[in-house]
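*Asks:* return atomic coordinates for the entry below.
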Amino acid sequence: MSRLPVAGFAAAALLFVADQAAKYGVTHVLGLDELTNAREITPFFNLQFVANRGVSLGLLHASNDTSRWLLVAMTGLIALGVLVWMLREPKRIEQIALGCVFGGALGNILDRVRLGYVVDFADFHIGAWQPFLVFNVADAAITVGVLVLFVRALLVRDKPRAERASVENSGNA
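*Replies:* Residues are numbered from 1 along each chain as shown. Model (predicted):
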């Protein structure tokens, strides 16, 4: 039996807590909401409150309670799939990447359950040009986790099965 992916769970917990703390800071400490929704931090970064009722890129906008709970169920099933993958994944870097995705998903799911929307607040821009949509720590964690998994899938090759078996058998002789 394989070990528990402690690094993956640690990444998930750290990012979940960081996400919720950042959202609390933006909404409760700074008091940003739908009426007082922006604060300029630098010429290229604002804190801007956005109540995101959709998912990535504003897709699947939840305009009523039924669609909200369908989104919760759908994202919950995806998070469960990521958790199962993380539990079965033997490689530590992939466990951490999956932990990023899992922790980010849990942060956004909790928002949707508690509030009916996800709190987004990070707004990077160059003048009027916004290369990214407004996002949050959970979104960044999910994106980084998926990118790490994608890059590792493209660039890191496992030894072919026959070569592994040959190496394992020569060690037993």
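*Asks:* per-residue confidence, residue 89, what does it come out as?
*Replies:* According to the prediction, residue 89 has pLDDT 96.
*Asks:* give the full set of residues in contact with the closest residue in space to it that isn't next to it in sequence.
*Replies:* Using C-beta to C-beta, 6 or more residues apart in numbering and skipping the chain neighbours, the partner closest in space to residue 89 is residue 95 (5.1 Å). Glycine gets a C-beta too; all of them are placed from N, C-alpha and C. By C-beta atoms under 8 Å, 6 or more residues apart in numbering, the residues touching residue 95 are 5, 7, 8, 11, 86, 89.
*Asks:* any idea which element the spatially most central residue of the chain lies in?
*Replies:* Closest residue to the average C-alpha location of the chain: residue 142 at 2.4 Å, with C-alpha atoms, centre = their mean. Per DSSP states H and E, residue 142 falls inside helix 137-155.
*Asks:* export that helix as PDB, just CAs?
*Replies:* Taking Å, rounded to 0.1, in the frame of the first residue of the first chain, the C-alpha atoms of helix 137-155 are listed here in PDB:
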ATOM      1  CA  VAL A 137      -5.800  32.700  -4.600                       C
ATOM      2  CA  ALA A 138      -7.800  29.500  -5.300                       C
ATOM      3  CA  ASP A 139      -7.900  30.200  -9.100                       C
ATOM      4  CA  ALA A 140      -4.100  30.800  -9.100                       C
ATOM      5  CA  ALA A 141      -3.500  27.600  -7.200                       C
ATOM      6  CA  ILE A 142      -5.700  25.600  -9.600                       C
ATOM      7  CA  THR A 143      -3.900  27.200 -12.600                       C
ATOM      8  CA  VAL A 144      -0.400  26.500 -11.300                       C
ATOM      9  CA  GLY A 145      -1.300  23.000 -10.300                       C
ATOM     10  CA  VAL A 146      -2.800  22.200 -13.800                       C
ATOM     11  CA  LEU A 147       0.200  23.800 -15.500                       C
ATOM     12  CA  VAL A 148       2.700  21.700 -13.500                       C
ATOM     13  CA  LEU A 149       0.700  18.600 -14.300                       C
ATOM     14  CA  PHE A 150       0.600  19.500 -18.000                       C
ATOM     15  CA  VAL A 151       4.300  20.400 -18.300                       C
ATOM     16  CA  ARG A 152       5.300  17.200 -16.400                       C
ATOM     17  CA  ALA A 153       3.100  15.100 -18.700                       C
ATOM     18  CA  LEU A 154       4.800  16.600 -21.700                       C
ATOM     19  CA  LEU A 155       8.400  16.700 -20.600                       C
END
